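1. Fold the following, please.
(one chain, ligands or ions: 1)
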Amino acid sequence: MSNLGAGSAFRAGAHNWRRSLRGAVEQFTNILLPPMCPICREPIGSNGGICTVCWTTLSFIEEPLCDHLGTPFAYDPGPGIVSSAALARPPVWARVRGAVSFDHSARTLVHALKYRDQHNTAKLMADLMARAGAKLLSDANLLIPVPLYRFRLWQRRFNQSARLAQHMQSGSGVPSQPHLLSRIRPTQAQVGLDLASRKKNVRNAFSVPDDLLLQVADKKCVLIDDVMTTGATAEACTTALLKAGAARVDVIVFALVLNPTGRHI
Ligand SMILES: [Zn+2]
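-> Predicted structure coming up:
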(Lines give C-alpha, C1' and ligand atoms only; values in the text may rest on other atoms or scores of the structure.)
Protein backbone atom coordinates (compact mmCIF):
# COMPACT_ATOMS: atom_id res chain seq x y z
CA MET A 1 0.00 0.00 0.00
CA SER A 2 1.38 3.43 -0.91
CA ASN A 3 1.81 6.12 1.75
CA LEU A 4 -1.06 8.04 0.18
CA GLY A 5 -3.25 4.94 0.30
CA ALA A 6 -2.31 4.23 3.89
CA GLY A 7 -3.06 7.88 4.82
CA SER A 8 -6.45 7.73 3.11
CA ALA A 9 -7.29 4.45 4.81
CA PHE A 10 -6.29 5.91 8.18
CA ARG A 11 -8.42 9.03 7.61
CA ALA A 12 -11.40 6.92 6.49
CA GLY A 13 -10.98 4.70 9.54
CA ALA A 14 -10.79 7.71 11.86
CA HIS A 15 -13.83 9.23 10.18
CA ASN A 16 -15.86 6.00 10.61
CA TRP A 17 -14.70 5.70 14.20
CA ARG A 18 -15.78 9.27 14.97
CA ARG A 19 -19.14 8.67 13.27
CA SER A 20 -19.70 5.49 15.28
CA LEU A 21 -18.75 7.28 18.50
CA ARG A 22 -21.08 10.18 17.69
CA GLY A 23 -23.90 7.70 16.96
CA ALA A 24 -23.28 5.89 20.25
CA VAL A 25 -23.24 9.16 22.23
CA GLU A 26 -26.45 10.24 20.48
CA GLN A 27 -28.15 6.94 21.32
CA PHE A 28 -27.00 7.16 24.94
CA THR A 29 -28.23 10.77 25.19
CA ASN A 30 -31.57 9.81 23.64
CA ILE A 31 -32.02 7.15 26.35
CA LEU A 32 -31.29 9.69 29.08
CA LEU A 33 -33.06 12.61 27.40
CA PRO A 34 -35.49 11.31 24.75
CA PRO A 35 -36.12 13.79 21.90
CA MET A 36 -39.24 15.81 22.50
CA CYS A 37 -41.29 18.29 20.54
CA PRO A 38 -40.19 21.78 21.67
CA ILE A 39 -43.78 23.04 21.44
CA CYS A 40 -45.94 20.38 23.17
CA ARG A 41 -43.05 18.43 24.80
CA GLU A 42 -44.39 15.07 23.61
CA PRO A 43 -41.77 12.47 22.54
CA ILE A 44 -40.69 12.58 18.87
CA GLY A 45 -38.43 10.39 16.72
CA SER A 46 -35.34 12.58 16.55
CA ASN A 47 -33.93 15.85 17.85
CA GLY A 48 -34.41 19.07 15.93
CA GLY A 49 -37.95 18.61 14.69
CA ILE A 50 -41.46 19.19 15.91
CA CYS A 51 -44.36 16.74 16.04
CA THR A 52 -46.86 16.53 13.17
CA VAL A 53 -49.66 17.95 15.32
CA CYS A 54 -47.66 21.08 16.22
CA TRP A 55 -46.48 21.44 12.61
CA THR A 56 -50.10 21.99 11.58
CA THR A 57 -50.48 24.71 14.22
CA LEU A 58 -47.73 26.91 12.73
CA SER A 59 -49.22 29.75 10.65
CA PHE A 60 -46.94 29.95 7.61
CA ILE A 61 -46.90 33.31 5.84
CA GLU A 62 -47.47 32.78 2.13
CA GLU A 63 -47.68 35.07 -0.93
CA PRO A 64 -49.22 37.36 -2.05
CA LEU A 65 -47.40 39.73 0.28
CA CYS A 66 -46.68 43.42 0.67
CA ASP A 67 -43.17 43.58 -0.77
CA HIS A 68 -41.95 46.06 1.88
CA LEU A 69 -43.57 44.73 5.06
CA GLY A 70 -44.00 41.03 4.24
CA THR A 71 -47.61 41.10 5.43
CA PRO A 72 -50.03 38.87 3.50
CA PHE A 73 -52.77 40.27 1.27
CA ALA A 74 -56.23 38.69 1.43
CA TYR A 75 -56.26 38.69 -2.40
CA ASP A 76 -53.56 39.13 -5.08
CA PRO A 77 -53.44 42.83 -6.04
CA GLY A 78 -50.78 42.19 -8.73
CA PRO A 79 -47.00 42.61 -8.83
CA GLY A 80 -45.30 45.56 -7.16
CA ILE A 81 -48.27 46.59 -5.02
CA VAL A 82 -47.46 47.54 -1.44
CA SER A 83 -49.82 47.71 1.52
CA SER A 84 -51.48 50.89 2.73
CA ALA A 85 -49.42 50.58 5.94
CA ALA A 86 -46.18 50.69 3.91
CA LEU A 87 -47.45 53.63 1.88
CA ALA A 88 -48.45 55.52 5.03
CA ARG A 89 -45.10 54.88 6.72
CA PRO A 90 -42.45 53.70 4.24
CA PRO A 91 -39.93 51.48 6.06
CA VAL A 92 -36.19 52.21 6.01
CA TRP A 93 -35.42 48.61 4.92
CA ALA A 94 -36.22 47.31 1.44
CA ARG A 95 -38.15 44.10 2.19
CA VAL A 96 -39.13 41.95 5.17
CA ARG A 97 -40.00 38.27 5.09
CA GLY A 98 -41.21 36.20 8.03
CA ALA A 99 -41.58 32.42 8.02
CA VAL A 100 -44.59 32.27 10.32
CA SER A 101 -47.07 34.55 12.01
CA PHE A 102 -46.28 35.11 15.70
CA ASP A 103 -48.80 33.03 17.63
CA HIS A 104 -48.71 30.56 20.52
CA SER A 105 -46.77 27.85 18.63
CA ALA A 106 -44.27 30.32 17.16
CA ARG A 107 -43.73 31.95 20.54
CA THR A 108 -43.13 28.55 22.20
CA LEU A 109 -40.57 27.64 19.53
CA VAL A 110 -38.78 30.99 19.89
CA HIS A 111 -38.72 30.64 23.69
CA ALA A 112 -37.43 27.06 23.42
CA LEU A 113 -34.38 28.38 21.57
CA LYS A 114 -33.96 31.60 23.53
CA TYR A 115 -34.68 30.60 27.11
CA ARG A 116 -34.72 26.80 27.28
CA ASP A 117 -31.42 26.25 25.44
CA GLN A 118 -33.04 23.92 22.89
CA HIS A 119 -30.51 24.72 20.18
CA ASN A 120 -31.75 21.87 18.00
CA THR A 121 -34.73 24.02 17.06
CA ALA A 122 -32.46 26.64 15.43
CA LYS A 123 -31.87 24.63 12.25
CA LEU A 124 -35.57 24.02 11.70
CA MET A 125 -36.34 27.71 12.26
CA ALA A 126 -33.46 28.78 9.97
CA ASP A 127 -34.62 26.42 7.21
CA LEU A 128 -38.12 27.91 7.35
CA MET A 129 -36.64 31.43 7.30
CA ALA A 130 -34.49 30.59 4.26
CA ARG A 131 -37.57 29.27 2.46
CA ALA A 132 -39.56 32.43 3.24
CA GLY A 133 -36.67 34.73 2.29
CA ALA A 134 -35.30 32.80 -0.72
CA LYS A 135 -35.71 35.78 -3.05
CA LEU A 136 -33.90 38.10 -0.61
CA LEU A 137 -31.04 35.64 -0.17
CA SER A 138 -30.57 35.02 -3.89
CA ASP A 139 -28.29 38.03 -4.43
CA ALA A 140 -27.39 38.96 -0.84
CA ASN A 141 -23.76 39.53 0.20
CA LEU A 142 -24.01 39.36 3.99
CA LEU A 143 -26.21 37.98 6.76
CA ILE A 144 -26.13 40.26 9.80
CA PRO A 145 -27.77 38.99 13.00
CA VAL A 146 -29.27 41.56 15.36
CA PRO A 147 -26.60 41.85 18.09
CA LEU A 148 -27.08 41.59 21.84
CA TYR A 149 -25.42 44.00 24.23
CA ARG A 150 -22.31 42.34 25.69
CA PHE A 151 -23.79 41.95 29.19
CA ARG A 152 -26.94 40.29 27.79
CA LEU A 153 -24.73 38.01 25.67
CA TRP A 154 -22.76 37.07 28.76
CA GLN A 155 -26.00 36.34 30.67
CA ARG A 156 -27.57 34.23 27.91
CA ARG A 157 -24.27 32.75 26.69
CA PHE A 158 -25.37 32.87 23.05
CA ASN A 159 -27.18 35.16 20.60
CA GLN A 160 -30.20 33.37 19.18
CA SER A 161 -30.18 35.55 16.04
CA ALA A 162 -26.52 34.70 15.40
CA ARG A 163 -27.35 31.01 15.81
CA LEU A 164 -30.13 31.33 13.21
CA ALA A 165 -27.82 33.24 10.83
CA GLN A 166 -25.14 30.57 11.23
CA HIS A 167 -27.57 27.87 10.08
CA MET A 168 -28.79 30.08 7.24
CA GLN A 169 -25.20 30.54 6.09
CA SER A 170 -24.81 26.77 5.83
CA GLY A 171 -27.96 26.47 3.75
CA SER A 172 -27.61 29.53 1.51
CA GLY A 173 -23.86 30.07 1.24
CA VAL A 174 -24.32 33.75 2.17
CA PRO A 175 -21.76 34.48 4.90
CA SER A 176 -22.95 35.44 8.37
CA GLN A 177 -21.01 38.34 9.91
CA PRO A 178 -22.12 38.69 13.53
CA HIS A 179 -19.43 41.23 14.44
CA LEU A 180 -20.12 43.91 11.83
CA LEU A 181 -23.01 45.44 13.74
CA SER A 182 -22.64 46.27 17.44
CA ARG A 183 -25.14 47.16 20.12
CA ILE A 184 -23.23 50.09 21.58
CA ARG A 185 -25.36 50.70 24.66
CA PRO A 186 -27.66 48.57 26.81
CA THR A 187 -31.35 48.78 25.99
CA GLN A 188 -34.42 47.89 28.02
CA ALA A 189 -36.25 44.71 26.88
CA GLN A 190 -38.86 45.75 24.31
CA VAL A 191 -41.58 43.54 25.84
CA GLY A 192 -44.34 45.69 27.33
CA LEU A 193 -43.37 48.89 25.49
CA ASP A 194 -45.53 50.68 22.92
CA LEU A 195 -44.17 51.66 19.50
CA ALA A 196 -42.98 55.16 20.51
CA SER A 197 -41.17 53.81 23.59
CA ARG A 198 -39.63 50.95 21.58
CA LYS A 199 -38.25 53.40 18.99
CA LYS A 200 -36.84 55.65 21.69
CA ASN A 201 -35.36 52.63 23.50
CA VAL A 202 -33.29 51.46 20.51
CA ARG A 203 -32.57 54.78 18.78
CA ASN A 204 -28.82 55.07 18.10
CA ALA A 205 -28.23 51.80 19.96
CA PHE A 206 -26.50 50.14 16.98
CA SER A 207 -23.41 51.02 15.03
CA VAL A 208 -20.82 49.61 12.63
CA PRO A 209 -17.34 50.13 14.13
CA ASP A 210 -15.16 52.47 12.06
CA ASP A 211 -12.60 49.78 11.28
CA LEU A 212 -15.32 47.55 9.78
CA LEU A 213 -17.06 50.16 7.60
CA LEU A 214 -15.37 48.92 4.42
CA GLN A 215 -16.80 45.43 4.96
CA VAL A 216 -20.35 46.85 4.87
CA ALA A 217 -19.93 49.51 2.17
CA ASP A 218 -21.93 48.75 -1.01
CA LYS A 219 -23.05 45.35 0.33
CA LYS A 220 -26.56 43.93 0.08
CA CYS A 221 -27.24 42.99 3.70
CA VAL A 222 -29.90 40.75 5.19
CA LEU A 223 -30.64 41.44 8.84
CA ILE A 224 -31.57 38.28 10.79
CA ASP A 225 -33.75 38.20 13.91
CA ASP A 226 -36.07 35.74 15.64
CA VAL A 227 -39.16 37.98 15.92
CA MET A 228 -40.27 41.30 14.44
CA THR A 229 -42.96 43.05 16.47
CA THR A 230 -43.21 46.76 15.62
CA GLY A 231 -40.01 46.83 13.60
CA ALA A 232 -38.33 49.37 15.90
CA THR A 233 -35.20 47.22 16.41
CA ALA A 234 -34.92 46.36 12.70
CA GLU A 235 -35.33 50.05 11.86
CA ALA A 236 -32.50 51.07 14.22
CA CYS A 237 -30.23 48.31 12.84
CA THR A 238 -31.07 49.16 9.22
CA THR A 239 -30.39 52.85 9.83
CA ALA A 240 -26.94 51.98 11.23
CA LEU A 241 -26.12 49.72 8.27
CA LEU A 242 -27.27 52.29 5.69
CA LYS A 243 -25.25 54.96 7.52
CA ALA A 244 -22.25 52.63 7.18
CA GLY A 245 -22.76 52.56 3.41
CA ALA A 246 -24.76 49.34 2.85
CA ALA A 247 -26.30 49.24 -0.63
CA ARG A 248 -29.50 47.61 0.60
CA VAL A 249 -30.90 46.14 3.79
CA ASP A 250 -33.56 43.40 3.79
CA VAL A 251 -34.83 41.62 6.89
CA ILE A 252 -35.66 37.95 7.48
CA VAL A 253 -37.26 36.89 10.76
CA PHE A 254 -38.68 33.62 11.98
CA ALA A 255 -41.93 35.09 13.29
CA LEU A 256 -43.65 38.26 12.19
CA VAL A 257 -46.23 39.91 14.43
CA LEU A 258 -48.95 40.76 11.95
CA ASN A 259 -51.04 42.96 14.29
CA PRO A 260 -48.56 44.54 16.71
CA THR A 261 -51.14 46.27 18.88
CA GLY A 262 -50.59 44.45 22.19
CA ARG A 263 -47.80 45.31 24.60
CA HIS A 264 -47.46 41.73 25.83
CA ILE A 265 -45.17 40.62 22.98
ZN1 LIG B 1 -45.74 18.93 19.37
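
2. For the stretch 51-200 of the chain, which segments count as strands?
-> 96-101, 142-145, 182-183 (DSSP state E, counting those that start in this stretch).

3. where among the ones you listed is the average confidence lowest?
-> For these, mean pLDDT drops lowest on strand 182-183, to a mean of 91.

4. Which neighbouring elements make contact with that strand?
-> With contacts defined as 3 or more C-beta pairs under 8 Å, 6 or more residues apart in numbering; DSSP states H and E, the packing partners of strand 182-183 are strand 206-207. Glycine gets a C-beta too; all of them are placed from N, C-alpha and C.

5. Check which element follows the strand it packs on along the chain.
-> helix 213-216 (DSSP states H and E).

6. List the buried residues of that next one.
-> Using 16 or more other C-beta atoms under 10 Å as the test for burial, helix 213-216 gives 215-216.

7. So what touches it?
-> Helix 213-216 has contacts (C-beta atoms under 8 Å, 6 or more residues apart in numbering) with 142, 177, 180, 208, 241, 244-246.

8. mind redoing it with 6 Å?
-> Residues from elsewhere that reach helix 213-216, judged by C-beta atoms under 6 Å, 6 or more residues apart in numbering: 180, 208, 244-246.

9. Helices along the stretch 101-250 of the chain, start to end?
-> 104-114, 121-132, 134-137, 150-156, 160-172, 195-202, 213-216, 232-243 (DSSP state H, counting those that start in this stretch).

10. Reformat the ones you listed as a markdown table; add distance to the ion and mean pLDDT.
-> Listed next are the helices of the stretch 101-250 of the chain as a markdown table, based on distance: least, C-beta to the ion, whole Å; pLDDT from 0 to 100:
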| stretch | distance to the ion | mean pLDDT |
| --- | --- | --- |
| helix 104-114 | 8 | 93 |
| helix 121-132 | 12 | 95 |
| helix 134-137 | 26 | 97 |
| helix 150-156 | 25 | 76 |
| helix 160-172 | 20 | 95 |
| helix 195-202 | 31 | 78 |
| helix 213-216 | 40 | 97 |
| helix 232-243 | 29 | 96 |
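
11. do you know how far the nearest residue to P186 once chain neighbours are set aside is from Q190?
-> Spatial nearest neighbour of P186, excluding adjacent residues (C-beta to C-beta, 6 or more residues apart in numbering): Y149 at 4.7 Å. Look at Y149 and Q190: by C-beta to C-beta, to the nearest Å, they are 13 Å apart.

12. Just give the closest residue to H167, not the sequence neighbours.
-> The spatial neighbour of H167 that comes closest, neighbours along the chain excluded (C-beta to C-beta, 6+ apart), is A126 at 3.4 Å.

13. what number of residues lie near the one you found?
-> As a burial measure, A126 scores 24 neighbours (other C-beta atoms under 10 Å).

14. right, and it touches A165 too?
-> No. Judged on C-beta atoms under 6 Å, A126 makes no contact with A165 at a distance of 7.8 Å.

15. check contacts around L180.
-> 144, 208, 212, 215-216.

16. Which residue is the nearest non-sequential neighbour of H104?
-> In space, H104 is closest to T57, 7.6 Å off (C-beta to C-beta, 6+ apart).

17. And for T239?
-> That would be V92: by C-beta to C-beta, 6+ apart, it lies 5.7 Å from T239.

18. mind checking pLDDT for that neighbour?
-> 96.

19. Next, find the distance separating it from the ion.
-> 37 Å (C-beta to the ion, to the nearest Å).

20. what number of residues lie near that residue?
-> Around V92 there are 14 residues (other C-beta under 10 Å).

21. mind starting the numbering at 51 from now?
-> Done: numbering now begins at 51, and the last item shifts to V142.

22. for it, what are its contacts?
-> Going by C-beta under 6 Å, 6+ apart, V142 touches 285, 288-289.

23. Most neighbours out of the residues you listed, which is it?
-> T288 (24 neighbours).

24. tell me the contacts of that residue?
-> Shown in contact with T288 (C-beta under 6 Å, 6+ apart): 142-143, 299.

25. how much space between it and L264?
-> 19 Å.

26. what do you get for G130?
-> 34 Å.

27. Mind checking the helices of the stretch 151-300 of the chain for the one nearest to E92?
-> Of all the helices of the stretch 151-300 of the chain, it is helix 154-164 that lies closest to E92, at 12.7 Å by C-beta to C-beta.
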